[in-house]
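no sequence for this one, just the structure:
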Ligand SMILES: Cc1cc2nc3c(=O)[nH]c(=O)nc-3n(C[C@H](O)[C@H](O)[C@H](O)COP(=O)(O)OP(=O)(O)OC[C@H]3O[C@@H](n4cnc5c(N)ncnc54)[C@H](O)[C@@H]3O)c2cc1C
């Protein structure tokens, strides 16, 4: 089901659809046109459905949410919605959007992470450009901010990991990457990243994939998640676990405890708005909880004059 249909169903109150929402949301959020349409159709009113899932139409709103969450003991990640740009110009625009987000985070005095999809920065376009774009974001993040590279469809895993490794070997240490438990290949990828000493965020995986590359059965994905989680707890650097699944969360807590890891040696990551009572309970036990906030910098390219003239001042942040 495409995202706008899914959102329509969710608004109509289908509990079954809501269950599958977080999976669809992760990659669906990137389809910013749909979300923007959805948000404007249903409004961003306080308490409204769109409001729960989208931190705000503008970076200013995301920063306000991040400030509130940080005051409540959460850690935050901000991203700029979008993926799979088709032109070098669009990729550069995404770079500027991230520079703006980082500038906003810095001015707000927040210690948020940034997460992004490399196809936003032109991963599937000119190889020289994509590396330059990534370096620009990492340079903007500097020593202060950590940049997490999301993992996308299986065909983009190799180019994503290769580009990640290039910047890592070039000396960047303010960057980590995501791995997906549903892919058959992930144990090997995890070993590669552990050998590098890189930080990994483990998730189940959000895209439609064939049985040739991914486990079709949910139970197999869960088994794989637990197996990979154990490797990460044993040998990973700053492990992060992105899941809303209480069984996976319990498995992480139990294994980390068995292995003598302190509660702040790893973290749980969840999407903004889902499910905040679970976040509260985990944080109350002393675990680090990071909330991912999408920041819809809507109308950036048209209303703000594009990237060539430098960061525009009309975006609210
Ligand atoms: C911070 C973050 C970053 C992510 N990054 C990536 C990425 O880079 N690449 C990628 O492919 N995917 C990413 N994902 C998506 C991820 O791969 C899963 O598709 C998504 O999180 C759903 O899996 P799950 O483990 O949360 O639970 P599921 O397997 O979907 O559900 C298992 C159980 O968890 C509980 N649950 C799940 N969702 C909810 C909810 N919304 N409200 C209440 N209970 C719920 C329910 O009890 C449910 O039965 C990310 C997810 C998060 C939260």
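Right, received. Where do you want to start? Nothing here was measured: the structure is a model prediction, and the numbers come from that model.

ok, the residue most central in space within the chain - contacts?
Central residue of the chain (CA atoms, centre = their mean): residue 115, 4.8 Å from the mean position. By CB atoms under 8 Å, 6 or more residues apart in numbering, residue 115 lies in contact with 77, 78, 79, 147, 148, 149, 150, 292. From N, CA and C alone the C-beta is placed, and that goes for glycine too.

if I pick the first one, what's in contact with it?
When you say that, I think you mean residue 77. 112, 113, 114, 115, 148, 269, 290, 291, 292, 293.

Could you pull out the buried residues of stretch 226-235?
By neighbour count on 16 or more other CB atoms under 10 Å, the buried set for stretch 226-235 is 228, 229, 230, 231, 232, 233.

Check whether the second one really touches residue 247, as I assumed.
To tie it back to what came earlier, the one meant is residue 229. No - applying CB atoms under 8 Å, one finds residue 229 not in contact with residue 247, separated by 11.6 Å.

Relative to the ligand, how far out is the residue nearest to residue 275 when sequence neighbours are not counted?
Residue nearest to residue 275 in three dimensions, not counting chain neighbours: residue 244, with 6.3 Å by CB to CB, 6 or more residues apart in numbering. According to CB to the nearest ligand atom, to the nearest Å, residue 244 and the ligand sit 4 Å apart.

what's the neighbour count on residue 244?
17 (other CB atoms under 10 Å).

now it: how far from residue 276?
Here the criterion is CB to CB, to the nearest Å. By it, residue 244 lies 11 Å from residue 276.

what does residue 92 give?
Taken as CB to CB, the span from residue 92 to residue 276 is 36 Å.

Could you do residue 204 as well?
20 Å.

Equivalent analysis for residue 81, please.
Distance from residue 81 to residue 276, counting by CB to CB: 21 Å.

The two: who's more crowded?
Each of residue 81 and residue 276 had its neighbours counted (other CB under 10 Å), and the higher figure belongs to residue 81 (23 against 16).

Inside strands: which ones of the contacts of residue 77?
With DSSP state E as the criterion, strands contain 113, 114, 115, 148, 269, 290, 291, 292, 293 from among the contacts of residue 77.

And for the first one, the neighbour number?
So that's residue 113. Applying other CB under 10 Å, I find that residue 113 has 22 neighbouring residues.

and it, what does it touch?
Per CB under 8 Å, 6+ apart, neighbours of residue 113: 75, 76, 77, 78, 145, 146, 147, 148, 290.

now the residue nearest to the centre of the chain: how far from the ligand?
When residue 115 is compared with the ligand (using CB to the nearest ligand atom), they lie 7 Å apart.

so what's that residue bridging to?
Judged by DSSP bridges, the bridge partners of residue 115 are residue 148.

What residues does the stretch 151-300 of the chain have near the ligand?
151, 178, 180, 203-207, 242-246, 248, 269-271, 274-275, 292 (CB under 6 Å from any ligand atom).

Just the buried subset of these, written out for ChimeraX, thanks.
Restricted to buried positions by 16+ other CB under 10 Å, the ChimeraX selection for those reads:
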select :151,178,180,203,204,205,206,207,242,243,244,248,269,270,271,274,292
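
Which of the residues of the stretch 151-300 of the chain next to the ligand fall in strands?
Short answer: these in strands (DSSP E) are 178, 180, 203, 242, 269, 270, 271, 292.

Save these as TSV, and put in pLDDT too.
Formatted as TSV, these follow (pLDDT from 0 to 100):
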residue	pLDDT
178	98
180	98
203	98
242	98
269	97
270	95
271	92
292	94
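
which one among those gets closest to residue 62?
residue 292 (10.5 Å; CB to CB).

Name the helix or strand for residue 281, please.
Assessed by DSSP states H and E, residue 281 sits inside helix 276-284.

how about that helix: buried residues?
Applying a neighbour-count criterion of 16+ other CB under 10 Å, one finds 276, 278, 279, 282, 283 buried in helix 276-284.

I'd say residue 151 and residue 176 touch.
No - counting by CB under 8 Å, residue 151 stays clear of residue 176, with 11.2 Å between them.

what about residue 253, is that helix, strand or coil?
helix (DSSP: H, G, I helix; E, B strand; the rest coil).

Contact partners for the residue nearest to it when sequence neighbours are not counted?
Closest residue to residue 253 apart from its sequence neighbours, by CB to CB, 6+ apart: residue 287 at 7.2 Å. By CB under 8 Å, 6+ apart, the residues touching residue 287 are 253, 263, 264, 267, 268.

any idea how far residue 287 is from residue 223?
Taking CB to CB, one finds residue 287 at 23 Å from residue 223.

same thing with residue 114?
Relative to residue 223, and taking CB to CB, residue 114 is found at 32 Å.

between those two, who's got more neighbours?
Taking neighbours as other CB under 10 Å, residue 114 and residue 223 compare with residue 114 leading, 24 against 13.

Perfect, that will be all.
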